[in-house]
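J.: could you look at this predicted model? Sequence included:
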Amino acid sequence: MTQTRLTGYAHGGGCACKIPPGELEEAVRGLTGQPGDTVLVGLDDGDDAAAVLVGDLAVLSTADFFTPVVDDAYDWGRIAAANALSDIYAMGGRPVVAINLVGWPRDLLPMSLMTEVLRGGLATALEAGCPVIGGHSIDDPEPKYGMAVTGIADPDRLLRNDAAAPGLPLTLTKPLGLGLLNNRHKQTGEVFDEAIATMTALNRDAAEQAVAAGVRAATDVTGFGLLGHLFKMCRASGVGAVIDRGAVPVLDAARVALRDGYVSGGTRRNLDWVRPHLRCGSDVSEDDLLLLADAQTSGGLLVVGELPGHPVIGHTVAGSGIEIR
């Protein structure tokens, strides 16, 4: 049987479908600064999840969903779940319950495929020790899947966007290039096992390691790319950063995809948004910048601190902006 090309039913794929960061920030500008002593982390600095104080716990809340990033329904479900759970890990938390969010073109795609998507999501959530209880679905002309996730954390050990200090190493826990390979997959049908393995890997262990090491600032690298998420964290913390592009891990096949032109529109919008804040060495190419702005799906954690076993890709500095060497 010929596999249904799920990616063919979507205008884009994965986190590359995010609304561009500049447009999104303008849309929510007037919604920040919600009052209340229990709000620990709100909308102000673009953190990965909201955090409110309930008793002695920080309760974390997030939602994430997207169009098909791969054609295999089960793998799409696994990837989408790992991506949604990552928001909790990026805050230093532990997910405790999730609910499914589904949009499905019921007149175009069989419900059995939707079941496979949900099975994949459940498998990843169970790996994380997070039960999936219910959800919400709509009849949608474009397939979409993700989760709303609730987590818990120690309120004094949250990983935040606004807590980076100068003079600290920057660690990245997954390689870049997922957007390039996902775009190539959508265009050609080629399957990249290394990309699927990277996207389905949980950020749980890295998050636990960061919290245990006393890290204060972190974010996950998803649709706004490494440069976009780093810029948001630097801006919120009032620091700058230096990136050693040679130290940034990249999936091997992604360099080939970059050479062959499989750059998503989301990646180009990311670079356009952050470019005014970049200072680049004379040998830094446009391709280097596109790779650093590549719109990731279920990428790794960007940690302000050193995590043994993961590459240090730069450091924070006093000042503002991002220097790329």
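T.: Okay, I see it.

J.: could you pull out the strands in the stretch 1-150 of the chain for me?
T.: 39-41, 50-54, 57-66, 94-104, 132-139, 144-153 (DSSP state E, counting those that start in this stretch).

J.: so what's residue 138 up against?
T.: For residue 138, the residues meeting the contact criterion (CB atoms under 8 Å, 6 or more residues apart in numbering) are 102, 103, 104. In this view, the C-beta of every residue, glycine as well, is placed from N, C-alpha and C.

J.: so it bridges to which residues?
T.: Under the criterion DSSP bridges, residue 138 forms beta bridges with residue 103.

J.: got a pLDDT number for it?
T.: Residue 138 is assigned a pLDDT of 97 by the prediction.

J.: what's the burial count for the residue lying closest to residue 254 once chain neighbours are set aside?
T.: Spatial nearest neighbour of residue 254, excluding adjacent residues (CB to CB, 6 or more residues apart in numbering): residue 177 at 2.4 Å. A count of nearby residues for residue 177, using other CB atoms under 10 Å, gives 27.

J.: next, residue 177: phi, psi?
T.: The phi and psi torsions at residue 177 (degrees, to the nearest 10) take the values phi 110, psi 0.

J.: how close does it get to residue 258?
T.: For residue 177, the distance to residue 258 (CB to CB, to the nearest Å) stands at 8 Å.

J.: with residue 137 instead?
T.: On the measure of CB to CB, residue 137 and residue 258 end up 37 Å apart.

J.: just residue 64 next, same as before
T.: Relative to residue 258, residue 64 is positioned 26 Å away (criterion: CB to CB).

J.: hang on, the earlier thing: give me the common contacts of residue 177 and residue 258.
T.: With CB under 8 Å, 6+ apart applied, the overlap between the contact sets of residue 177 and residue 258 consists of residue 291.

J.: give me the domain ranges for the protein.
T.: The chain resolves into domains spanning 6-156, 158-324 when parsed by automatic domain parsing.

J.: where among those domains is average confidence lowest?
T.: Averaging pLDDT over each of those singles out domain 6-156 as the lowest, with a mean of 91.

J.: check contacts around residue 314.
T.: When contacts are taken as CB under 8 Å, 6+ apart, residue 314 is in contact with 169, 170, 241, 242, 243, 244, 247.

J.: and the first one, backbone torsions?
T.: Right, the one you point to is residue 169. The phi and psi torsions at residue 169 (degrees, to the nearest 10) take the values phi -70, psi 150.

J.: count the neighbours of it for me.
T.: Once other CB under 10 Å is used to define contacts, residue 169 is seen to have 15 neighbours.

J.: between residue 137 and residue 258, who's got more neighbours?
T.: Remark: of residue 137 and residue 258, residue 258 carries more neighbours, 22 against 15, as counted by other CB under 10 Å.

J.: tell me how far the strand or helix carrying the more buried one lies from the chain's centre.
T.: For residue 258, the element it lies in under DSSP states H and E is helix 252-259. Here helix 252-259 is found 20 Å from its chain centre; the criterion is CA atoms, centre = their mean, to the nearest Å.

J.: what helices or strands is it leaning on?
T.: helix 178-188, helix 193-200, helix 286-292 (3 or more CB pairs under 8 Å, 6 or more residues apart in numbering; DSSP states H and E).

J.: and the angle for the first one with helix 252-259?
T.: Read that as helix 178-188. Using axes from the mean of the first three to the mean of the last three CA atoms, to 10 degrees, the inter-axis angle of helix 178-188 relative to helix 252-259 is 70 degrees.

J.: using CSV, write out every CA atom in helix 178-188.
T.: These are the backbone C-alpha positions of helix 178-188, laid out as CSV (Å, rounded to 0.1, in the frame of the first residue of the first chain):
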residue,chain,number,x,y,z
LEU,A,178,15.6,19.7,11.7
GLY,A,179,13.8,22.4,9.7
LEU,A,180,15.9,21.7,6.7
LEU,A,181,15.4,18.0,6.8
ASN,A,182,11.7,18.3,7.5
ASN,A,183,11.3,20.7,4.5
ARG,A,184,13.2,18.3,2.3
HIS,A,185,11.0,15.4,3.5
LYS,A,186,7.9,17.4,2.7
GLN,A,187,9.1,18.2,-0.8
THR,A,188,10.6,14.9,-1.8
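
J.: thinking again about what came up before, which residues touch the residue nearest to residue 254?
T.: For residue 177, the contacting residues are 195, 250, 251, 253, 254, 255, 257, 258, 291, 294, taking CB under 8 Å, 6+ apart as the criterion.

J.: great, nothing more from me.
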